[in-house]
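Student: From the sequence below, what's the structure:
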Amino acid sequence: MFPVGVNTWVWVSPLTDGDLERLAPKVAAWGFDVIELPVERPGDWDPHRAAALLAEHGLKASVVLVMPPGRELVAASAEVVEETQDYLRHCVDVAVAVGSPVIGGPAYASVGRTWRMSPGERQAIYTELRKNLAPVAGYAGERGVRIAVEPLNRYETSLLNTVEQALEALPDGCDLALDVYHMNIEEKDPARAVHAAAGRIAHVQVCGTDRGTPGADRFDWPAFTRALREAGYAGPLVIESFTAHNQTIATAASIWRPLAPSQDALAVEGLGFLRTL
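Tutor: You can find the predicted model right below:
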């Protein structure tokens, strides 16, 4: 059975120490194994305080990086690239502090940034990405943390949309974060894409195809999780969804209506479904 986790974005953004003190006991009591912690801005929450809180409640952590406008590893000034690399190193340090084996997310360009590229231009950008991501991957590897790079759907990036593109673009030392929401849009066969990524899958995020409760949709969950097992993935399935009640995150994630009777119900019902897999 896969461990099951939930991202605090289901309820709040940005995460604070007070939010985590409120959420961790609930998440643990419901039976989750992992709580996922976004690092939107360094200093939003205290990693050492979080580590003690999670240990108290028997929860493990996963850490996700966030790429708002201005965080770029490609097609940007040297100053912006360096600042982004520093931010990613900070995420690695946070992961070490809370005991997360990964930092996951679209570690290449800001979410929502799209532009057209010829095949030659795309190859040049991939070369630039490998160059700029490699030192961060080295920093993470020295500290026992895996960088899990997440392909996003075509509306959120024009750079990495599929597993195939990610495998071509990423440097050695970088692995993949797979997100069911994006795979359902971009992969012709999500299970086949999982097989293609075997040995490189470091993290998996799940939700319904409408970004709501996993299982309350027509996604082929048995085929997907069977492919994960066959690919050797034994990490958590982490529910990543968002609340329509937070203006900033609702706008960023295009959540214009509630996706479940309540955010608590989304988490609890999703957990119950994922346990059946």
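Student: Can you show me the helices along the stretch 1-150 of the chain?
Tutor: Counting by DSSP state H, counting those that start in this stretch, the stretch 1-150 of the chain has helices at residues 17-30, 47-57, 78-98, 119-142.
Student: buried residues in the third one?
Tutor: Buried residues in helix 78-98, defined by neighbour count with 16 or more other Cβ atoms under 10 Å: 81, 84-85, 87-98. (C-beta placed from N, C-alpha, C; glycine too.)
Student: any idea where the helices of the stretch 151-277 of the chain begin and end?
Tutor: 163-169, 180-186, 190-196, 221-230, 247-252, 263-275.
Student: Buried deepest among these, which one?
Tutor: helix 180-186 (a mean of 21; mean count of other Cβ atoms under 10 Å).
Student: residues in contact with it?
Tutor: Applying Cβ atoms under 8 Å, 6 or more residues apart in numbering, the contact partners of helix 180-186 are 150-154, 156, 161-163, 190, 193, 204-207, 209, 211, 214, 219, 224, 240.
Student: So which of those belong to strands?
Tutor: Among these, the members found in strands (DSSP state E) are 204-206.
Student: who wins for most neighbours among the residues you listed?
Tutor: Neighbour tally across the ones in strands among the contacts of helix 180-186 (other Cβ atoms under 10 Å): the maximum, 29 neighbours, falls on Val206.
Student: Roughly how far does that one sit from Ile125?
Tutor: Distance from Val206 to Ile125, counting by Cβ to Cβ, to the nearest Å: 29 Å.
Student: and if you look at Val64?
Tutor: Using Cβ to Cβ, Val64 is found at 23 Å from Ile125.
Student: Likewise for Leu178?
Tutor: Counting by Cβ to Cβ, the gap from Leu178 to Ile125 is 22 Å.
Student: Who has more neighbours out of the two?
Tutor: Leu178 (28 against 20).
Student: ok, for that one, nearest residue in space, not its chain neighbours?
Tutor: The shortest distance from Leu178 to any non-neighbouring residue, by Cβ to Cβ, 6 or more residues apart in numbering, is to Val204 (5.0 Å).
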